[in-house]
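Q: sequence isn't available, so here's the structure alone:
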């Protein structure tokens, strides 16, 4: 039985465009099919990059431990894991917003986490998430709700707006015990 777990190859768009469609009824797409690389889910990014370079293949099927298809990984995905997000002509330009408020900052949830941490002088260990919204979502460990709060560094981050599971807006204010007024600590 053939299904999504029975991937036999891939067809490049360029090859399809060169395919003579005049006699398409008599043609077989297998004549332009290329080999597809199948890799285990646990393969490291470094190893995958080596394999893709050696075989000159830019796309791989990721197989789970049961032999099922877990997904696809493209060379661009591998490179982005190494060097960070790569914007190209097909990516939408995302306008992210940071507003300076009298008592802190307000961020679009898509603002890069490293940019937020640099602005607020927060030092944390390595993290998997790219955006402040994704990081807060991970800390919450559940569907975010408006007015959810988490402490990160010396700041309280409050969720201002959500859309499904995505945090759209967040506000960062200095922890109350760290607000200095007239050289005295104020609670």
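A: Nice, thanks for sending it over. It should be emphasised that the depicted structure is a prediction, and the values quoted were computed from it without experimental measurement.

Q: outline the domain layout of this protein.
A: 13-83, 98-180 (automatic domain parsing).

Q: which of those domains sits most buried?
A: A comparison of the domains of the chain by mean neighbour count, using mean count of other Cβ atoms under 10 Å, puts domain 98-180 on top with a mean of 15. To be clear about C-beta, it is placed using only N, CA and C from the backbone, and glycine gets the same treatment.

Q: next one: that one to chain centre, how far?
A: How far domain 98-180 lies from its chain's middle: 17 Å, per Cα atoms, centre = their mean, to the nearest Å.

Q: bridging residues for residue 99?
A: With DSSP bridges as the criterion, residue 99 is bridged to residue 106.

Q: list the contacts for it?
A: 105-107 (Cβ atoms under 8 Å, 6 or more residues apart in numbering).

Q: okay, it: pLDDT?
A: pLDDT for residue 99: 88.

Q: right, and the helix or strand after the top helix by length along the chain?
A: Criterion DSSP state H: the longest helix present in the chain is helix 45-55. Per DSSP states H and E, helix 45-55 leads on to strand 59-63 as the next helix or strand towards the C-terminus.

Q: could you check how far that following strand is from the centre of its chain?
A: 18 Å.

Q: which ones are touching residue 165?
A: 137, 143-144.

Q: for the longest helix of the chain, which outside residues touch it?
A: For helix 45-55, the surrounding residues in contact (Cβ under 8 Å, 6+ apart) are 37, 39, 43, 57-58, 60, 73, 75, 78-79, 81-82.

Q: which residues in the protein form helices?
A: Using DSSP H, helices in the chain cover 13-18, 45-55, 75-83, 113-119, 132-140.
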